[in-house]
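>>> I would like the atomic coordinates for the input below:
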Amino acid sequence: MRDVFRSGLIVGLLCSLCFSQSNVQPPLASQGQGPANLSTAATPSTPPVYTNALGEARELYRKGDFEGAIGKYQLFLQEHAGSPDAYAGIARVYLKQKKLDLAAVTVAQGLTQSDAPRLHVALGEVLFRQGKIPEAEQEWVKVIQIGVPDARAYLGLARVRDAIAMYKTAEKLIAKAHELDPSDPDVKEAWVGTLSRNERIKYLEATLAGENNWNKEEREGAESYLKYLRERAKLPNRQCRLVSKVTTTSTPLVRLLRDPTHLRAYGLSVSLNGHKSDLLLDSGASGITVKRSIAERAGVTKISETKIGGVGDKGMKDAYIGIVDSMRIGELEFHDCAIDIMEKGSVGDEDGLIGSDVFSDFLVELDFPNEMLKLGELPKRPGEAEKKLGLEGEDEDDSADSLSSPANATADASNKKEVAPPANVSHRQDRYIAPEMKEYTRIFRFGHYLLVPTKIGNVPPKLFLLDTGAFNNTISPAAAREVTKVRSDESIITGLSGSVKKVYTANKTVLEFGGLRQENQDMIAFDDANLSDEAETEISGFLGFAMLRFLDIKIDYRDALVSFSFDPKRWGM
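Next up is the predicted model:
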């Protein structure tokens, strides 16, 4: 519930392989024959220069005039009834405006008029946002396999591959999308996210000085991220690094109590420049975030401003990014690492949060029954060289694994990589599932979000956020209504962005994930669209601490794998 996320929009987000570990490998060059019912008379992916309403609509979309773009698309439809380009364009504008229902209706209307590939690409984008990832992947694969070079089909598949830690493949797909349509702003942002810090600085400077289709929040985030990149570039010799010579370690978890007899969460004792604080260990958050008083006491150096947010209806909060000279967590000591500092107010009820993703260079074990955090070595990929360990995001170039857009990366700066790879050489690798991890649950990783495929009845699996910072399991009202009755509730749900206005209760709900099953009576239901908008896919609930505390959880961030272990004897069951 105390999820920490930043402004903007994530490009490398969800995928379908968590359900099927897709066997479909789309070609990186157009080839093959596809289904007979998909028309091959498609508009080329890179549009020519138009002198009509369609071309004007595309330009307005790319400049961020969404209402003007819809008007031009509708005008073109009046002149060219059934135009797949117009229907696809309108749906894409609605998605940009976060009007998912209208986008879905528009695509459905278009498909009654035409079976053109461009409409199927737009359908994939709608399905992706609805959380129907296998169906979205199928639409994009069909288009590519019939030989239609559609840039946004490649972009969609890149998002799929990125979410399942197939980073090298995702990068190739983005390169192909950019080759086909370098002027598409969404394609361009994804492509720029694969470049070095200096190249991203140039891109942000040029884009902010010109026209773009970022909304106010995204633009502010891009400006913040540019400031961060510039300031970090001034510190070439201060990359975050692990100075302790350890590859495995363990440290006790700290009990955080709601009252003298009730446990509300576990934390970690973290020393910032020699000053200790107990920070809540939060798998739903990213990096390290502390109160301003904690940072000032530790003498943390401010380098740039940012905004952060989480669950709640109050929006983003002012914060800044600072550099910690020395940080100790158990036996681990890191130097020159970036953290987030809240300008005003508290970080929930805590001194701060530490996302479990900061240890993503390790195999992370949250051994809650024995109240220990254990860090081990990840299995080496075949032929892999030794890797320098560090805190998440600080030992390589800014976008080392997840392919985030500059607009999304804005205030995600404290988790970004710092050392650019050699020109034309990618350090990204595809997921490796070691033999000893064959039984792990394959999840989706979108930045710091760990989304676990979860059954809630006789409906297709939903995506639930693994969140040790949320106390209870929760579900979205829409997901709950598919399997049970929902009623209004007077409960108060509070997160980093304030309280949630509309809260409901779902009747009996059964959650099944990772080989486990739990019944929930009167489950809290609320709709936090911020998270789903941030992820660009539907997040249907939280797997919270009250349940997770009974489990031994192993997380392989590198390969998007999680193991859940429950010992009933340990709890007298």
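>>> Would you mind listing where the protein has pLDDT under the threshold?
The model of the chain has pLDDT under 70 over residues 1-51, 309-316, 344-349, 386-426, 489-501.
>>> Run through the residues that contact the residue of it most remote from its centre.
The centre of the chain is farthest from one residue, Glu79, which by Cα atoms, centre = their mean lies 40.2 Å away. Going by Cβ atoms under 8 Å, 6 or more residues apart in numbering, Glu79 touches 52-53. Using the backbone N, CA and C atoms, a C-beta is placed for each residue, glycine as well.
>>> any idea how far it lies from Gln145?
32 Å (Cβ to Cβ, to the nearest Å).
>>> Over to Leu229?
Distance of Leu229 to Gln145, given as Cβ to Cβ: 39 Å.
>>> Comparing those two, which shows the higher neighbour count?
Leu229 (22 against 19; other Cβ atoms under 10 Å).
>>> That one: helix or strand, and which one exactly?
Using DSSP states H and E, Leu229 sits within helix 216-233.
>>> which is the next helix or strand following that helix?
strand 241-242.
>>> And that next one, how far out from the chain middle?
Mean-position distance between strand 241-242 and its chain equals 25 Å (Cα atoms, centre = their mean, to the nearest Å).
>>> For the following helix or strand past that strand, name the packing helices and strands.
Downstream of strand 241-242, the next assigned helix or strand under DSSP H and E is strand 249-252. The contact analysis (3 or more Cβ pairs under 8 Å, 6 or more residues apart in numbering; DSSP states H and E) places strand 249-252 against strand 372-376.
>>> Could I get the buried residue list for the strand it packs on?
For strand 372-376, a neighbour-count test (16 or more other Cβ atoms under 10 Å) marks 372-375 as buried.
>>> and if you look at stretch 355-374?
Applying 16+ other Cβ under 10 Å to stretch 355-374 flags 355-368, 372-374 as buried.
>>> for the stretch 151-300 of the chain, what spans make up the helices?
Remark: helices assigned in the stretch 151-300 of the chain by DSSP state H, counting those that start in this stretch are 151-163, 167-180, 185-192, 197-209, 216-233, 292-298.
>>> Please identify the deepest-packed of these.
Mean neighbours per residue, mean count of other Cβ atoms under 10 Å, is largest over those for helix 151-163, with a mean of 28.
>>> so of the buried residues of stretch 355-374, which ones are in strands?
355, 363-367, 372-374 (DSSP state E).
>>> ok, those vs Tyr203, which is closest?
Nearest to Tyr203, judged by Cβ to Cβ, of those is Gly355 at 27.2 Å.
>>> contacting residues for the closest residue to Asn215 other than its chain neighbours?
Distances taken as Cβ to Cβ, 6 or more residues apart in numbering put Gly64 closest to Asn215, at 7.5 Å, once the chain neighbours are dropped. Gly64 makes contacts with 211-215, as judged by Cβ under 8 Å, 6+ apart.
>>> just Thr441 next, same as before
Here Thr441 is in contact with 452-453, 513-515, 561-564 (criterion: Cβ under 8 Å, 6+ apart).
>>> In helices only, show me those.
Using DSSP state H, no member of those falls within helices.
>>> would JSON lines of the residues you listed with neighbour count be doable?
What follows is those, written out as JSON lines (neighbours: other Cβ atoms under 10 Å):
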{"residue": "Val452", "neighbour count": "22"}
{"residue": "Pro453", "neighbour count": "19"}
{"residue": "Phe513", "neighbour count": "21"}
{"residue": "Gly514", "neighbour count": "22"}
{"residue": "Gly515", "neighbour count": "11"}
{"residue": "Leu561", "neighbour count": "25"}
{"residue": "Val562", "neighbour count": "23"}
{"residue": "Ser563", "neighbour count": "18"}
{"residue": "Phe564", "neighbour count": "18"}
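>>> quick one: which of those residues is nearest to Gly299?
Gly299 has its nearest neighbour among those in Val562, at 36.9 Å by Cβ to Cβ.
>>> In the beta-sheet assignment, what are the partners of Tyr266?
Beta-bridge partners for Tyr266, by DSSP bridges, are Arg255.
>>> could you measure it against Asp259, distance?
Here the criterion is Cβ to Cβ. By it, Tyr266 lies 16 Å from Asp259.
>>> other SSEs contacting the helix holding Leu229?
Packed next to helix 216-233, using 3+ Cβ pairs under 8 Å, 6+ apart, are helix 197-209, strand 301-309, helix 406-409.
>>> partners of the next helix or strand along the chain from the shortest one in the sheet?
Once the chain leaves helix 406-409, the next helix or strand it forms, by DSSP H and E, is strand 441-442. Strand 441-442 has the following strand partners under DSSP bridges: strand 561-565 (antiparallel).
>>> how distant is the partner strand from the center of its chain?
Put simply, strand 561-565 sits 19 Å off its chain's centre (Cα atoms, centre = their mean).
>>> so what's the residue most central in space within the chain bridging to?
Geometric centre of the chain, nearest residue: Phe446, 2.8 Å, by Cα atoms, centre = their mean. Counting by DSSP bridges, Phe446 forms beta bridges with Tyr449.
>>> my guess is it meets Leu531, correct?
No - applying Cβ atoms under 8 Å as the test, Phe446 and Leu531 come out as separate, 10.0 Å apart.
>>> these two touch, right, Ile164 and Ala560?
Yes - contact criterion Cβ under 8 Å: Ile164 and Ala560 qualify, at 5.5 Å.
>>> who's in contact with the closest residue to Phe564 other than its chain neighbours?
Distances taken as Cβ to Cβ, 6+ apart place Gly514 nearest to Phe564, at 3.8 Å, with adjacent residues excluded. Gly514 makes contacts with 441, 452, 562-564, as judged by Cβ under 8 Å, 6+ apart.
>>> please redo it, this time with the cut-off set to 10 Å
The contact partners of Gly514, taken as Cβ atoms under 10 Å, 6 or more residues apart in numbering, are 439-443, 452-454, 466, 543, 551, 553, 562-566.
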